[in-house]
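> Below are the sequence and a predicted model for it; my questions follow.
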Amino acid sequence: MFDADRPILKSSQDRLNRALFAKYLARCMLNHTEPESLVVGLYGSWGVGKTSLINLIREELEFAASNMLEEEKPIILNFSAWSYSGQNQLIYSFFRRLSSTLRNVPYLKNADRIIYLLELYVSFFTRQPIPKALRTKHAFKAWLTFKKREDFYAWESGRDLTLVKAELNELLRQQNHKIVIMIDNISRLYDYEIKQIFQIVKSMGDYDNTTYLLAFDKEQVIRELNKIDGAGSAAYIEKIIQLPFDIPPISQQDLEQIFVDRLNEVINTVPADAWNTEYWADIYYSSLKFFFVNCRDITRYVNTLSFGYSQLRDVVNPVDFFALTALEVFAPEVYFAIRENKDLFTDLLDNVYVMDSNQIQKDKIRCDEIVSRSSRVSRDVLIQLLIRLFPSIRKIYTPEIPFYHSEATARKLRRICSSDLFDIYFRLTMKVGQIPESEFETLLSLAADPPLFDQALTRLNQDERILKFLDLLDSKFLQSVPRHHIQAIVTALLDNGDLFPFGSSSSLSLDTPMRIHRIISALLKRLPTSEERFSILQNAIAATTKSLFMPIHELRETSHEHNEESDVYLPLEYRQLTPEQLTSLQGLMITRIKSWAQNGSLESHPQILAILYAWRDWEDNNACKQYVEKMTKTDKGLVAFLMAVLDKAVTQAMTKYEKNPYWEKYLNDIQDFISINRLEEHAKLLFEDAYFEKLREREQLAIMIFLDLVKAPTKKLIPKTTS
């Protein structure tokens, strides 16, 4: 479960699509034909994956070498300067590693001479003796004249430094081997050591037929060099680095996917039925996701969470604990302040003093001070997280928005806001004290012109960027949308929603209909009266021409507030709509459904089953049944109906090739609308007809699964799956 903060080693682990760039850069370095040394720079801040990218480049170099002759293979030296930091021998260690690497290269022409010259050259700079095993006979004779000395230095050879380097370069130029030297973690070095690295690259080690690949945080390195040289370090670096590349920060979308993958390891330990996906989405999309900047943040968070949650999982609400852990890791000042101010964040003292405006103002001063302790995320993001974890502070920051909170429910759900459970969450702590934001804002401003905004959503969907747009919208931006834009946004989302990718729903993510519901719900909550909210939805539904399922889904989710058995049930005064308003909107949707049924569009809708259930539930059941009976009399209609009802079974059959006993329940769905006997004979005829072979695979499977479930006798054998 616990993971060290290690870079990836090979392209199969690449989640950020950087392997192609690594391949391109590796090939460019190998194809560099100029004899002079080449210096490539990889610039990136802490945690963007510089070391991982170096590993991908090395992998590509080694792959290329596997297809070369021995005498052509590149010589690769991966020098970790940080390993020698603070030893005052950085230059010496570098050349020792280079010499050792060259000695281990087979087919290196004039190897002995090259290594001797290199050692001679190094001795000039480091004032270290030449190793005995690498001294020439001439050097050995010179050593005999110094009977009490066992060391031999370069200046005793009688050679000139410039001539030594010239001969060394000539020999290296004759090689077919390309020398590639990679130096990582330069930003971690002391300022004078950073200077030494650049001296090696610029003058000491700028050998022919050699390429350097340097990875560092450019801004950090400039700051460190400026301590030595004053201003001008930026220009100094530009003179050294001939081929610079900026490694971009990891996109929010990629980071979120990595986060979900890593977090699934912990999710699998959550007790059954303890996880509330919608509550998690509310926490994550409104605030939590902004705490994560790079992969190292994810590693730190998941490691801390894995340990803490494993100890407390049976006594805490998992979503609350996951959110609180983010504060513990990234905003410990706020975390400990919460622990020390139980009365502020729970209902502990609600019955002790009157919550008048004076007391609320005092609490706000305390809460503002706590929020100000962290700069990890914006003040608004942090407050959004706190008001979701602790409903009691809503009266401080959002007094104009009505909300319902029950201490009994909080205790039942093991929420941190329960004064009885608050302390449990801190048991493991010791006492102490891929749409740029600018583009998104422009798109959102188009809501001032409803047709233009509708067209913008269509374009985003065509460009496969609509889900990223919804992701950005489902955040802090909802509170900045002008109220007179709400109608245009709600209408466009309901009218285009059926055309968007449906997405997938899991413990850590919402599908597109639920995401749109969250957005619309948040916008409507900003309106003070149910009449205004009703008017917005009524106008939106009346204007929809492209979607049918999305407005139905919106009304379904809204109706949960009216159902006493629902987890989101609210007293009448807190609901989005009155019962009468909800019924009126449902009637309006029935009109829309019938219009689609009459013009023939309904039977081809991918969500026809959900639409039929809405029709059945919101109007006389006979009208819906009559439509299904008429629809299934045609081959096309029958196939469409069976495909809709058996969609999950068909998907499973295409992947697992085995019958699932659970599929029997789908027969009940069929009988909700039409007698099975009315479909059986038609399905048999279609199955036994030659036309059956012209159907698509999913259509064929739907018919065969249906006939198999009803055990219909057929002239043609139905292929059996294992059961």
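All right, it came through fine.
> burial of residue 307, as a residue count?
Residues near residue 307, counting by other Cβ atoms under 10 Å, number 13. In short, each C-beta sits where N, CA and C put it, glycine included.
> low-confidence ranges in the stretch 301-450 of the chain?
Residue ranges of the stretch 301-450 of the chain with pLDDT under 70: 348-355, 430-434.
> one more time with 50, if that's ok
For the stretch 301-450 of the chain, residues meeting the criterion pLDDT under 50 lie at 349-354, 432-433.
> what does the chain give?
1-4, 137-151, 349-354, 432-433, 722-723.
> in the stretch 201-350 of the chain, which spans are helices?
Applying DSSP state H, counting those that start in this stretch to the stretch 201-350 of the chain gives helices spanning 218-229, 233-240, 252-267, 277-286, 295-312, 318-330, 332-340, 342-345.
> cool, the stretch 501-650 of the chain as well?
Along the stretch 501-650 of the chain, counting by DSSP H, counting those that start in this stretch, helices occupy 512-525, 530-543, 549-559, 579-598, 608-618, 621-631, 635-645, 647-656.
> gap between the second one and the chain center?
Its chain's C-alpha centre lies 35 Å from the corresponding centre of helix 530-543 when counted by Cα atoms, centre = their mean, to the nearest Å.
> pull the CA atoms of it into PDB?
The C-alpha trace of helix 530-543 is given here as PDB (Å, rounded to 0.1, in the frame of the first residue of the first chain):
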ATOM      1  CA  SER A 530     -38.900  28.200  -5.600                       C
ATOM      2  CA  GLU A 531     -41.000  30.200  -8.100                       C
ATOM      3  CA  GLU A 532     -37.700  31.500  -9.700                       C
ATOM      4  CA  ARG A 533     -36.200  28.000  -9.800                       C
ATOM      5  CA  PHE A 534     -39.500  26.600 -11.200                       C
ATOM      6  CA  SER A 535     -39.500  29.300 -13.900                       C
ATOM      7  CA  ILE A 536     -35.900  28.500 -14.900                       C
ATOM      8  CA  LEU A 537     -36.600  24.800 -15.300                       C
ATOM      9  CA  GLN A 538     -40.000  25.300 -17.000                       C
ATOM     10  CA  ASN A 539     -38.400  27.600 -19.600                       C
ATOM     11  CA  ALA A 540     -35.500  25.200 -20.100                       C
ATOM     12  CA  ILE A 541     -37.700  22.100 -20.600                       C
ATOM     13  CA  ALA A 542     -40.000  24.000 -23.000                       C
ATOM     14  CA  ALA A 543     -36.900  25.000 -25.100                       C
END
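> how about it: buried residues?
Applying a neighbour-count criterion of 16 or more other Cβ atoms under 10 Å, one finds 530, 533-534, 536-537, 540-541 buried in helix 530-543.
> what's the answer for the last one, then?
Within helix 647-656, the residues that qualify as buried are 647, 649-650, 652-653, counting by 16+ other Cβ under 10 Å.
> Columns distance to residue 281 on top of the helices of the stretch 501-650 of the chain, output as JSON lines?
What follows is the helices of the stretch 501-650 of the chain, written out as JSON lines (distance: least, Cβ to Cβ, whole Å):
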{"stretch": "helix 512-525", "distance to residue 281": "7"}
{"stretch": "helix 530-543", "distance to residue 281": "21"}
{"stretch": "helix 549-559", "distance to residue 281": "13"}
{"stretch": "helix 579-598", "distance to residue 281": "23"}
{"stretch": "helix 608-618", "distance to residue 281": "20"}
{"stretch": "helix 621-631", "distance to residue 281": "32"}
{"stretch": "helix 635-645", "distance to residue 281": "27"}
{"stretch": "helix 647-656", "distance to residue 281": "23"}
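> for those helices, which one sits closest to residue 455?
Nearest to residue 455, of all the helices of the stretch 501-650 of the chain, is helix 530-543, at 14.4 Å by Cβ to Cβ.
> For the closest one, give me every contacting residue.
By Cβ atoms under 8 Å, 6 or more residues apart in numbering, the residues outside helix 530-543 that reach it are 486-487, 490-491, 494-495, 524, 527, 551, 554-555, 575-578, 581, 584-585, 588-589, 592.
> coming back round to it: out of the helices of the stretch 201-350 of the chain, which is closest to residue 421?
When the helices of the stretch 201-350 of the chain are compared by Cβ to Cβ, helix 318-330 sits nearest residue 421, at 9.1 Å.
> which helices and strands sit right next to the closest one?
In terms of contacts (3 or more Cβ pairs under 8 Å, 6 or more residues apart in numbering; DSSP states H and E), helix 318-330 is packed against helix 277-286, helix 295-312, helix 332-340, helix 379-389.
> Using ChimeraX, make a named selection holding only the buried ones among the contacts of helix 530-543.
Buried subset of these, written as a ChimeraX selection, criterion 16+ other Cβ under 10 Å:
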select :486,487,490,491,494,495,524,527,551,554,555,575,576,577,578,581,585,588,589,592
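> returning to that earlier point: any chance of the buried residues of helix 530-543 in CSV, plus distance to residue 419?
Below are those laid out as CSV (distance: Cβ to Cβ, whole Å):
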residue, distance to residue 419
530, 33
533, 33
534, 37
536, 38
537, 38
540, 42
541, 43
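> And the strands in the protein?
Applying DSSP state E to the chain gives strands spanning 38-43, 75-80, 179-184, 210-216, 243-246.
> any idea which of these is most buried?
Burial of the strands of the chain is given as mean neighbour count (mean count of other Cβ atoms under 10 Å); strand 210-216 ranks first at a mean of 24.
> Quick one: list the elements packing against that strand.
Packed against strand 210-216 by the contact rule (3+ Cβ pairs under 8 Å, 6+ apart) you find strand 38-43, helix 50-65, strand 179-184.
> To residue 511, which of the ones you listed lies closest?
Among the helices and strands packed on strand 210-216, the nearest to residue 511 by Cβ to Cβ is helix 50-65 (31.9 Å).
> What sits closest to residue 447 if chain neighbours are left out?
residue 485 (3.8 Å; Cβ to Cβ, 6 or more residues apart in numbering).
> Which single one of the buried residues of helix 530-543 is nearest to residue 435?
In terms of Cβ to Cβ, no member of the buried residues of helix 530-543 lies closer to residue 435 than residue 540, at 23.9 Å.
> re the thing from before, how about the strands of the chain in a markdown table, adding distance to residue 597?
Formatted as a markdown table, those follow (distance: least, Cβ to Cβ, whole Å):
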| stretch | distance to residue 597 |
| --- | --- |
| strand 38-43 | 60 |
| strand 75-80 | 68 |
| strand 179-184 | 65 |
| strand 210-216 | 63 |
| strand 243-246 | 56 |
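> Out of the ones you listed, which gets nearest to residue 617?
Between residue 617 and the strands of the chain, the tightest spacing by Cβ to Cβ is seen for strand 243-246, at 56.3 Å.
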